[in-house]
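>>> give me the fold of what follows.
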Amino acid sequence: VQLQASGGGLVQPGGSLRLSCAASGFILDDYAIGWFRQAPGKEREGVSCISSTYDRTYYLDSVKGRFAISRDNAKNTVYLQVNSLKPEDTAIYYCAASYYCSGYDLTYDFWGQGTQVTVSS
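The predicted structure follows:
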(Lines give C-alpha, C1' and ligand atoms only; values in the text may rest on other atoms or scores of the structure.)
Protein backbone atom coordinates (compact mmCIF):
# COMPACT_ATOMS: atom_id res chain seq x y z
CA VAL A 1 0.00 0.00 0.00
CA GLN A 2 1.59 3.22 -1.14
CA LEU A 3 0.65 6.82 -1.87
CA GLN A 4 2.87 8.94 -4.08
CA ALA A 5 2.47 12.71 -4.01
CA SER A 6 3.96 14.78 -6.82
CA GLY A 7 3.56 18.00 -8.77
CA GLY A 8 5.07 20.51 -6.40
CA GLY A 9 7.54 23.17 -7.42
CA LEU A 10 8.55 26.80 -7.31
CA VAL A 11 5.91 29.22 -8.57
CA GLN A 12 5.40 32.96 -8.47
CA PRO A 13 2.54 34.49 -6.48
CA GLY A 14 -0.65 34.13 -8.44
CA GLY A 15 0.58 31.01 -10.16
CA SER A 16 -0.88 27.51 -10.28
CA LEU A 17 0.15 23.91 -9.83
CA ARG A 18 -1.59 20.57 -10.01
CA LEU A 19 -0.62 18.18 -7.25
CA SER A 20 -1.16 14.47 -7.80
CA CYS A 21 -1.65 11.66 -5.32
CA ALA A 22 -1.28 8.27 -6.97
CA ALA A 23 -2.08 5.04 -5.18
CA SER A 24 -0.62 1.60 -5.58
CA GLY A 25 -1.69 -1.55 -3.83
CA PHE A 26 -5.24 -0.40 -3.15
CA ILE A 27 -8.17 1.27 -4.85
CA LEU A 28 -8.16 4.97 -4.09
CA ASP A 29 -11.90 5.29 -4.71
CA ASP A 30 -12.57 3.15 -1.63
CA TYR A 31 -11.07 5.83 0.60
CA ALA A 32 -11.46 9.45 1.52
CA ILE A 33 -8.33 11.27 0.41
CA GLY A 34 -7.09 14.30 2.24
CA TRP A 35 -4.40 16.83 1.45
CA PHE A 36 -2.43 18.32 4.32
CA ARG A 37 0.40 20.79 4.38
CA GLN A 38 3.13 21.70 6.80
CA ALA A 39 5.10 24.91 6.64
CA PRO A 40 8.42 25.34 8.47
CA GLY A 41 7.84 25.89 12.18
CA LYS A 42 4.11 25.28 11.90
CA GLU A 43 1.82 22.38 12.63
CA ARG A 44 0.46 20.25 9.85
CA GLU A 45 -2.99 21.41 8.73
CA GLY A 46 -5.71 19.85 6.63
CA VAL A 47 -6.21 21.65 3.34
CA SER A 48 -8.82 19.63 1.48
CA CYS A 49 -10.53 16.27 1.39
CA ILE A 50 -12.69 14.28 -1.01
CA SER A 51 -14.95 11.64 0.46
CA SER A 52 -15.23 8.06 -0.71
CA THR A 53 -19.01 8.34 -1.00
CA TYR A 54 -20.51 10.85 -3.41
CA ASP A 55 -17.12 12.58 -3.72
CA ARG A 56 -18.06 15.32 -1.29
CA THR A 57 -15.32 17.91 -1.05
CA TYR A 58 -14.09 19.97 1.87
CA TYR A 59 -11.67 22.87 2.03
CA LEU A 60 -9.75 24.91 4.55
CA ASP A 61 -11.33 28.37 4.64
CA SER A 62 -8.16 30.07 3.47
CA VAL A 63 -8.03 28.03 0.25
CA LYS A 64 -11.72 28.03 -0.70
CA GLY A 65 -12.19 29.32 -4.21
CA ARG A 66 -8.52 28.80 -5.04
CA PHE A 67 -7.97 25.05 -4.59
CA ALA A 68 -9.97 22.21 -6.13
CA ILE A 69 -9.75 18.51 -5.30
CA SER A 70 -10.85 15.80 -7.72
CA ARG A 71 -10.50 12.09 -8.52
CA ASP A 72 -9.58 10.18 -11.65
CA ASN A 73 -10.55 6.62 -10.82
CA ALA A 74 -9.18 5.26 -14.09
CA LYS A 75 -5.74 6.50 -13.03
CA ASN A 76 -6.25 5.69 -9.34
CA THR A 77 -5.20 9.25 -8.63
CA VAL A 78 -6.51 12.24 -6.71
CA TYR A 79 -5.56 15.75 -7.78
CA LEU A 80 -5.34 19.03 -5.97
CA GLN A 81 -5.44 21.98 -8.34
CA VAL A 82 -3.93 24.96 -6.55
CA ASN A 83 -4.53 28.37 -8.11
CA SER A 84 -3.87 31.98 -7.18
CA LEU A 85 -1.04 30.83 -4.97
CA LYS A 86 0.20 33.06 -2.18
CA PRO A 87 3.51 33.01 -0.29
CA GLU A 88 1.66 31.70 2.76
CA ASP A 89 0.75 28.58 0.76
CA THR A 90 4.42 27.58 0.84
CA ALA A 91 4.67 24.18 2.54
CA ILE A 92 5.22 20.50 2.02
CA TYR A 93 1.94 19.03 0.80
CA TYR A 94 1.00 15.49 1.78
CA CYS A 95 -1.83 13.27 0.69
CA ALA A 96 -3.34 10.68 2.97
CA ALA A 97 -6.08 8.04 2.96
CA SER A 98 -8.80 7.46 5.50
CA TYR A 99 -12.27 5.94 5.69
CA TYR A 100 -13.82 9.37 6.10
CA CYS A 101 -12.86 13.00 5.67
CA SER A 102 -11.45 14.77 8.68
CA GLY A 103 -9.21 17.73 9.36
CA TYR A 104 -7.29 15.70 11.96
CA ASP A 105 -4.21 13.95 10.65
CA LEU A 106 -4.53 11.12 13.20
CA THR A 107 -7.64 9.99 11.32
CA TYR A 108 -5.59 9.01 8.30
CA ASP A 109 -4.00 5.59 7.95
CA PHE A 110 -1.77 5.89 4.89
CA TRP A 111 0.44 8.81 3.93
CA GLY A 112 2.41 9.84 0.88
CA GLN A 113 5.92 11.25 1.17
CA GLY A 114 5.06 14.89 0.46
CA THR A 115 5.78 17.33 -2.32
CA GLN A 116 7.25 20.80 -1.79
CA VAL A 117 5.31 23.86 -2.94
CA THR A 118 7.21 27.14 -2.80
CA VAL A 119 5.51 30.40 -3.71
CA SER A 120 8.00 33.20 -4.16
CA SER A 121 8.84 36.01 -6.53
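
>>> would you agree residue 97 is in contact with residue 27?
No - using Cβ atoms under 8 Å as the test, residue 97 is too far from residue 27 to be in contact (10.3 Å). To be clear about C-beta, it is placed using only N, CA and C from the backbone, and glycine gets the same treatment.

>>> tell me which of the two has more neighbours.
Comparing residue 97 with residue 27 by other Cβ atoms under 10 Å, the one with more neighbours is residue 97, at 22 against 10.

>>> quick check: pLDDT value at that one.
Looking at residue 97, its pLDDT is 95.

>>> partners of it in the sheet?
residue 33, residue 110 (DSSP bridges).

>>> and the gap between it and residue 41?
According to Cβ to Cβ, to the nearest Å, residue 97 and residue 41 sit 27 Å apart.

>>> centroid-nearest residue for the protein?
Residue closest to the average C-alpha location in the chain (Cα atoms, centre = their mean): residue 35, at 2.7 Å.

>>> okay but that residue is in contact with residue 20, surely?
No - the criterion here is Cβ under 8 Å, and residue 35 misses it with residue 20 at 10.7 Å.

>>> re earlier: pLDDT averaged over the helix or strand harbouring the residue nearest to the centre of the chain, what's the number?
Counting by DSSP states H and E, the element that carries residue 35 is strand 32-38. For strand 32-38, mean pLDDT is 97.

>>> residues touching that strand, excluding its own?
Outside strand 32-38, the residues within contact range by Cβ atoms under 8 Å, 6 or more residues apart in numbering are 19, 21, 44-52, 69, 71, 78, 80, 89, 91-102, 105, 108, 114, 117.

>>> please repeat the previous calculation with a cut-off of 6 Å.
Strand 32-38 has contacts (Cβ atoms under 6 Å, 6 or more residues apart in numbering) with 44, 46-52, 78, 80, 91-98, 100-101, 105.

>>> in strands only, show me those residues.
Per DSSP state E, strands hold the following members of the contacts of strand 32-38: 46-50, 78, 80, 91-98.

>>> looking at those residues, which is nearest residue 62?
Residue 62 has its nearest neighbour among those in residue 47, at 8.8 Å by Cβ to Cβ.

>>> before we move on, the earlier item: top of the ones in strands among the contacts of strand 32-38 by number of neighbours, please.
The residue in the ones in strands among the contacts of strand 32-38 with the most neighbours, by other Cβ under 10 Å, is residue 95 (33 neighbours).
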